[in-house]
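Participant: Give me coordinates for this.
(chains A and B)
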Amino acid sequence: MAVHLYLSLIPEALIASMLSPEEFGAYYAVGSEKKSRGQAIFFEIDPKFRSKDFCIEEGILRCVPHDDGSPKRSIYIAVYRVLENIPINVIKKLYLTTQDGRTLDLEPAKKLPADDEGLHLYREISPVSPLVVSTNGPKAFYELIVKNPTSLIKLPAVCFAELRLDDLAKDPQNADVGDLPYANIEHLRNCLTDLHTKRVTTKMVDRLPSGGIPYRTIKNGFFVGNQEKLIFFPLPEEKKLVDKYYRWWRSATM
Amino acid sequence: MSQTWLIVGIVSGFISVGVALAIYFWVVRQDPGSERARQVAGWIRDGAASYLKRLYTVLALVAGVLAFVIAIVFSFNLNQLGTGHVDIASSNGMIMAVAFIFGAVCSAVAGYMGMTVAVQANVRTATASSDTLNKGFRVAFYAGSVMGLAMVGLAVIGMCVIFLITGNPEVVLGFSFGASTLALLAKAGGGIYTKTADIAADLVGKVEVGIPEDDPRNPAVVADNVGDNVGDVAGMGADIFDSYVASAVASMLLGAAMAGPDNLKYIIFPLILCTLGIYASLIGIQFVRVGKNGKPGAALNFGTIFTCVLFAAMVIVLVFTGGYDLSVMWSTLVGLATGVVIGFTTEFFTSDEYKPVQETAKVSGSGAAITIITGFSYGLLSIIPSVIGIVIATLISYFISNASGVISGVYGIGISAVGMLAVSGMIVSADAYGPIVDNARGIAEMAGMEHEVIERADVLDSAGNTAKAITKGFAISAAALTVLALFAAYATVIEARGLTLNISLRNPMVIAGVLLGAMTPPIFSALTMLSVTKGAFGMIEEIRRQFRAEPGILAGTVLPDYNRCVSLAADGALTSLILPAFLAVGFPLLVGFMLGPEALGGFLGGSIFTGVIFALFMANAGGLWDNAKKFIEGGAFGGVGSDAHKASIVGDTVGDPFKDTAGPSLNTLITVMSLVASLFAPVIAAFHLF
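Facilitator: The predicted structure is shown next:
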C-alpha cells in the first residue's frame, strides 16, 4: 500500500497515511474512533518530498498496515509551523472535505484570477484563521501580509480563501445580504464601510469565526503562498458543482 | 326509488374500488428501477408493513372490545330504558356491533390499499422521474388516487349496504363510529410515528453530525420515510374517511328526525351526494395532467376545482330532476364552495409567496424566540378565514333550509358538510400524492440517482406540500361542520327519548360540560406531542449509540441498523395511544353518565370550539414555520447556515408535531367524541347521576 503525505490545514499538520485522499478525508471528517470530527482541508504533498524540518522518513517507516491488514490511517509527522516549511512546488492537489466526509479535489490553476472592483472578504485558514475585509485583491492582500507588509504583522506563509460579498462589495451599507450566511452582519457592514471612510486597507472582522469554512460562500477558490510565490486553486462554478459533484455540493451547502 | 339509489350507490362504490384496483395494478407494472432503488424501497415497504401489522393488531383488539360493549349495550331495547322493564333484543346488539366492525374494517382496508400502493409507487415515481417530470407526476398522482377512490368507494358501499339492510340510520352511526375509532388511532399513531422519526433523524443527522436529508448513513432515515406513509397516507386517509362517513350519517340522522312524506328521500340524499362525488372524482382525476414544462401544483389545483365544478353541476341536475327542495342544493353548494375557499386561503398563511411566511423568515435573523412568537401569532390569525367560512356556511345553510319549510336548518348544516366532503375522492388523491413524491425524493437520494432526478422529485414534492396544507384546512373545516351536525344529531337522539335538552350557558351543568369539553383538545394535543418528544428522545439516543458503536456508519462503509429505529418509532407510537384513546371514547361517556346529557351537550360544544381553533392553528402554524425555513434555504435572509436559518430550524422543529401530529388528529378527536355521544345518547338519557 502506498503511503501518502498530507498537509492538513485544520489543524495544521503533516500526516503520513495509507489512505487515498478521498478515504483520508472521510476518515478525518467522520471516521475516527477518537471522535474528532468536522470539516477537513488538506493538500496532498509530493511523496518524495523530504525536509530537514520534518522527520518524514521516520513517519513513513511507522506507517505500516495494522495486524489485520487494514491500512494505517494516520501518522502525525509534525504539527505547528508546517505550512511555512513546505515549498509551494511540492503541493499537488487541494482537497476539501465536508463535515460528513465528502471530498472534492481541486487542481492548481496556471494563473491567478483577475482582480475585480469592490471590497473583498478573506477567510484566512492557516496559520491563523481570522475573517478580514480588505480593499486589496487577493494578490495584493497576499503581498501585504506575506511579502511586503506595511505594518509589524508578517506571516511566513498563508492559506486563505476569498468569500463572496456579492452586492455588499459595492454598497456595504444598503445592499441586501441575499443568501450570505455571515453572522453579525451589521458588524460586517460597518467594517466594510470603514474601508471606505478610514485610511485602512484591511480590517479584521472576527478573530475566531465559528462554524468552519462555509464552502458555499467561497467566491472563486483558495490561495496558498509563501515567500516564493502564490498559487491558486479555483473552485468550480456552482453549476458545475451541482452537475458534476452533486453529492459534495449538497453536503457542502448543509 | 330510494332503494334504487342505494343500489346505484353500492355499484358506484364497487366501480370506484375497481378503478382503484386497476390503477394499483397499473402502478405496479411501472419500472421499479435499479437494484439499489428497489433495495431502499424494500426497506421502507417492510417498515411500513411491519408497523401496519402491529397497528392493525392493536386496532383489532380495541375494536373487538368496543364491539363487545356495543353488542351488550344495544342488546337492550334502549327505548324502554328507565321504564322499569327492558326487553332484550340481542340481534340489535349484534347488528350494531357488526356495523361497528364493518366501519373499522372498511377504513382499515382503504388505509391498507393506500399504503400498499404508496410504498410501491414511491420507487416507481423516482424511476419515472429519471425520464420526465410528467411521467413521475403521473405515477405519483395515480397512485395517490388509489387511496382516494378506495376510500370513497368503501365508505359508500358500507353506508348503502347497512342502510339497505337495516333501514336505520342509527346503525349507520355504528359504522361511522367504527371508522372514526380506527381513524383516530391511525391518525394519532401515524402522526406520533412520523414526527418521532423525522425529528430524531433531523436533530442528530443534520444538526449534530451534519449529514443531509435522506442520507442512507442516518439510522433513522428509513423510519422517517416509513413515517411519511403511515402518517400522511394511512393516517390522513383514515381521517377523511371518518369525516366523510360521519357527515353523511349525521345528515341521515337529522333527515330521519324530520317529519313528512319525503323523509326517506332526504335520509338517503347524503348518500346520493357521495355517489355523485365518486363520479365527479373519477372524471376529475383524468383531467389532472402536467404538460411538458408544466407545474404539478397547478395541475392538482385544476383537478380539484374541475371536480368541484363538475360535482356542483351534477347536484344542480339532481335537485331539479329529483324533485328535491332547492335549499338542499344551496346547502351543498355553500359547503362545497366553503371547502374550496378555506383550502386555498390556508395557502395564504403557509405559502412562501405571501407575507406571513416571508415575515417569519425575515425576523428569524433575530433569533428563535422571535421566530416562534411570529409564527405562533400568524398561526392564530390563520384561523380567521376558516372560522368565518364555517360561520358563513353554517348560517347560510341553516337559514336557507329553515326558510324552506321542507327541511330543518340543522339538516342543511349537515348537507353543507356532505357537500364539502363529497369530492373527497379527488382531495385525498391529491393529498396522498404528497408523501409518495416525498418518499420518491428520499429514494432517489438514498439510491444515488442523478441530481436531475432529485431536482424533478423536488419540484413534485413542493406541489405535494401545498396539496397537503390545503387538504388539512379542508379536512379540519369539514370536520367542524360535521360535528356541528353531529351535535344536532345528538340532541335529536336525546329529545327522541322524551328528554328536553336545556343547553344554555345559564345552566351550570352545561357550563361544567363546556369547560371539560374545551380542555379536552388541548390535553389531547399535549399527550400526542409529549409522545413525540418522548419517542424522539429515545430514538436520538439510539442514533447516537449506533454512530458511536460503529464509526463505519458515518464513513459510509457499514449500513446502519434501520430496523431498530423503525421498531422504536412503532413502539413509541402504539404505546402512546392508550391515554388519547381513553380521552376520545371514555371521557365523553364519563361526563355523560356522571353529569347528564345537558353537560354532555355542553362538553361537545366546548370540545368543538377549542378543537377547531387548535386544529387550524396548529396545522397552519406548523406549515408556516416549515415554509419559512424553506424560504430561507431558498437563499433569503442569509440562506443555509445563517443565524436566520438556525432560528428557522427551531421553528420548524417546534411546528412539526403541531402540523403532523396534534393538529390533524384533533378533527378526528372531536368527530369521535360526537359520535360516541350520539351513539350512547339513549343509554346516557336513561342512566346519569345528575
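
Participant: residue boundaries of the helices in the stretch 551-690 of chain B?
Facilitator: Along the stretch 551-690 of chain B, the segments classed as helices by DSSP state H, counting those that start in this stretch run B:552-555, B:562-575, B:578-595, B:597-633, B:643-657, B:663-686.

Participant: Take the ones you listed and lay them out in CSV including mean pLDDT, distance to A:Phe222 and mean neighbour count.
Facilitator: For the C-beta atoms, the positions are set from N, CA and C on the backbone; glycine is no exception. Formatted as CSV, the helices of the stretch 551-690 of chain B follow (pLDDT from 0 to 100; distance: least, Cβ to Cβ, whole Å; neighbours: other Cβ atoms under 10 Å in any protein chain shown):
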stretch, mean pLDDT, distance to A:Phe222, mean neighbour count
helix B:552-555, 84, 25, 20
helix B:562-575, 92, 38, 22
helix B:578-595, 93, 55, 20
helix B:597-633, 93, 26, 27
helix B:643-657, 94, 25, 23
helix B:663-686, 89, 48, 27
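
Participant: would you turn the ones you listed into a markdown table with distance to chain A?
Facilitator: Shown next, in a markdown table, are the helices of the stretch 551-690 of chain B (distance: least, Cβ to the nearest Cβ, whole Å):
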| stretch | distance to chain A |
| --- | --- |
| helix B:552-555 | 4 |
| helix B:562-575 | 18 |
| helix B:578-595 | 36 |
| helix B:597-633 | 9 |
| helix B:643-657 | 6 |
| helix B:663-686 | 29 |
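
Participant: Redo the ones you listed as a markdown table? Include distance to A:Ala13.
Facilitator: A markdown table is the format used below for these (distance: least, Cβ to Cβ, whole Å):
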| stretch | distance to A:Ala13 |
| --- | --- |
| helix B:552-555 | 20 |
| helix B:562-575 | 36 |
| helix B:578-595 | 56 |
| helix B:597-633 | 34 |
| helix B:643-657 | 30 |
| helix B:663-686 | 52 |
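
Participant: closest to B:Pro32 out of those?
Facilitator: Of all the helices of the stretch 551-690 of chain B, helix B:562-575 sits nearest to B:Pro32, with 19.4 Å by Cβ to Cβ.

Participant: What is that closest one packed up against?
Facilitator: helix B:35-73, helix B:169-200, helix B:221-227, helix B:508-549 (3 or more Cβ pairs under 8 Å, 6 or more residues apart in numbering or on different chains; DSSP states H and E).

Participant: Looking at those helices, which is nearest to chain A?
Facilitator: Closest approach to chain A among the helices and strands packed on helix B:562-575 is made by helix B:508-549 (8.0 Å; Cβ to the nearest Cβ).

Participant: Now do that closest one and helix B:562-575, the angle between them.
Facilitator: Here helix B:508-549 runs at 170 degrees with respect to helix B:562-575, directions being taken by axes from the mean of the first three to the mean of the last three Cα atoms, to 10 degrees.

Participant: the inter-axis angle of helix B:508-549 versus helix B:597-633?
Facilitator: 40 degrees.

Participant: Summarise which helices and strands helix B:508-549 is packed against.
Facilitator: Helix B:508-549 makes packing contacts with helix B:169-200, helix B:552-555, helix B:562-575, helix B:578-595, helix B:597-633, helix B:643-657, helix B:663-686 when contacts are defined by 3+ Cβ pairs under 8 Å, 6+ apart.

Participant: what's the closest of the helices of the stretch 551-690 of chain B to B:Val230?
Facilitator: Distances from B:Val230 to each of the helices of the stretch 551-690 of chain B were compared using Cβ to Cβ; the shortest belongs to helix B:562-575, at 8.0 Å.

Participant: Contacts made by the closest one with the rest, please.
Facilitator: Contacts of helix B:562-575 with the rest of the structure, by Cβ atoms under 8 Å, 6 or more residues apart in numbering or on different chains, involve B:43, B:47, B:50-51, B:54-55, B:58, B:189-190, B:192-193, B:196-197, B:200, B:219-223, B:226-227, B:531, B:534-535, B:538-539, B:542-543, B:546.
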